[in-house]
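>>> sequence first, predicted coordinates after that:
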Amino acid sequence: MRVRVMDDLGSAKRYLLVAILSACLILSLYLTYRVQTMPAKEVKFVPSYKYSHKASYEYTATLYPSVLYDNRTTLAPGDVPYIPLIHLLNISLKYEFWTDPIFKGPGNLSYTVYSILEAPGGWSKIFLLTPLKTLHFNSSRMAFRELYTFNITSIGELIHKIELETGTWFPYYNLRIVAEVNVSAPAGSDVLRDSFRPMMTVKLAYREGNRLFFEGLSSERSEVVGVYEESELGWIKFARYCSYILSISLIIALTCASIRLHRLSERTASPLQRIIRKHRDVIVESSGLLDRHVSRIIVTVKSLNDLVKISEISLKPIIHEKKSVTRGRTNVKRHVFYVLDGDVKYEYVAEEPTPR
């Protein structure tokens with residue numbers, strides 16, 4: 001009896017081992033799937049060079065003699081630029097282009113500057129200020145400077161003349177100073193071609209305080225040029241190989257444990273249990289619903305194998321009933337196997353000790 005108890009404990013431990021290996025295998029397969037779906041390559045942006053455009057507009061105004069500004073001829077910082085008091089408006093354009101690292105080879109910089117006098121949503125006139133110029137440079141920096149003078153009085157007279165011609169009046173007019181800059185320079189194996197369009201706006205607000213407003217005095221744009229490179233992630237490959245090895249190892253271990261558990265269960269099973277397992281396809285477990293009052297001829301066979309032959313010949317299933325009975329001080333399990341063929345009942349009865 002002690003050996004039987006030890007066998008039961010060993011079998012329980014093996015069942016627990018199989019359950020643990022199965023859980024580990026499921027987890028390993030899930031990790032393998034997750035690692036397999038992760039990208040094995042990483043895309044990085046590698047900068048080759050960067051460049052920048054920067055433009056700034058500065059202005060000064062020449063005034064008519066006035067009581068407001070004590071007959072000064074220059075507009076001071078903080079003074080309100082009233083249109084009737086301004087004679088000349090001097091605008092300075094400063095542009096700078098630089099690169100990092102320094103370009104190897106000559107570059108070209110071409111630019112043109114023009115002004116646009118316009119009514120918002122209405123007419124416009126274009127005036128060329130600087131014809132197309134081309135500059136050559138060999139360093140990482142290139143700059144130019146232009147100075148323009150606008151006669152505000154003459155501009156006002158021009159606006160008034162156009163108003164009379166068109167019969168339209170607007171609350172304000174815009175004087176835009178636009179520079180169009182194009183740069184071409186070698187950049188490694190490529191050629192950099194870029195354009196920049198800084199624009200300053202002078203708003204002549206005749207009906208909004210009769211003064212000037214200035215917009216777009218500075219503008220800047222920087223760009224980084226480079227290439228995208230792919231690099232393999234070594235730890236992803238390592239993780240994949242490890243997951244493959246772990247999953248295969250767990251499959252092998254689970255297979256061996258299952259085979260060993262099956263062999264153990266076969267070895268510890270009683271002879272009757274082995275026969276029942278062998279013929280489980282033709283044995284039907286009874287629920288105790290057999291009509292005991294029907295008179296039948298009972299034929300007792302010598303073995304379960306004989307009953308299996310009868311079942312196969314008559315094409316009838318073998319019904320299995322079992323119950324526990326007491327023989328003295330010993331509990332036994334009584335198995336009754338029978339085949340019903342009309343009024344004949346073929347049966348085989350066997351008993352086995354009930355394990356404690």
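Looks like it arrived, so ask away. Residues are numbered from 1 along each chain as shown.
>>> what does stretch 219-239 contact?
The contact list for stretch 219-239, computed with Cβ atoms under 8 Å, 6 or more residues apart in numbering, reads 35, 38-56, 187, 190, 192, 194, 196, 198-199. Where C-beta positions appear, they are placed from N, C-alpha and C, glycine not excepted.
>>> may I see the buried residues of stretch 217-226?
Ser219 (16 or more other Cβ atoms under 10 Å).
>>> out of the contacts of stretch 219-239, which are buried?
Here, 16+ other Cβ under 10 Å leaves Val35, Tyr49, Tyr51, Ser52, His53, Lys54, Ala55, Ala187, Leu192, Phe196, Pro198 buried among the contacts of stretch 219-239.
>>> helix/strand/coil for the fifth one?
The assignment at His53 comes out as strand when based on DSSP: H, G, I helix; E, B strand; the rest coil.
>>> pLDDT score for it?
His53 is assigned a pLDDT of 94 by the prediction.
>>> distance of it relative to Gly122?
31 Å (Cβ to Cβ, to the nearest Å).
>>> wait, is Ile155 part of a helix?
Yes. Ile155 forms part of a helix when assessed by three-state DSSP.
>>> quick one: it from Leu75, how far?
The value you get for Ile155 to Leu75, if Cβ to Cβ is used, is 16 Å.
>>> can you list the weak-confidence ranges in the stretch 151-300 of the chain?
The stretch 151-300 of the chain contains residues with pLDDT under 70 at 187-189, 262-294.
>>> if we can go back for a sec, so Ile155 and Leu75 - more neighbours on which side?
Leu75 (21 against 18; other Cβ atoms under 10 Å).
>>> for that one, give me its contacts.
Thr60, Ala61, Thr62, Leu63, Tyr69, Pro81, Ile86.
>>> how far does the helix or strand where Thr149 lies sit from the chain's center?
Assigned by DSSP states H and E, Thr149 belongs to strand 141-151. Chain-centre distance of strand 141-151: 49 Å, with Cα atoms, centre = their mean, to the nearest Å.
>>> same check, this time on stretch 200-212
That offset, for stretch 200-212, works out to 51 Å (Cα atoms, centre = their mean).
>>> endpoints of that stretch, how far apart?
Terminal residues of stretch 200-212 are spaced 13 Å apart (Cα to Cα, to the nearest Å).
>>> quick one, helices of the stretch 1-150 of the chain?
2-37 (DSSP state H, counting those that start in this stretch).
>>> which residues are contacting the strand holding Thr149?
87-99, 107, 109, 111, 113, 115, 129-130, 133, 135, 175, 177, 179, 183, 202.
>>> count the neighbours of Ser317 for me.
Ser isn't right for residue 317; it's Pro. Quick note: Pro317 (other Cβ under 10 Å) scores 13 neighbours.
>>> next one: it from Leu307, what distance?
The value you get for Pro317 to Leu307, if Cβ to Cβ is used, is 11 Å.
>>> what's the overlap in contacts for these two?
Common neighbours of Pro317 and Leu307 (Cβ under 8 Å, 6+ apart) are Val339.
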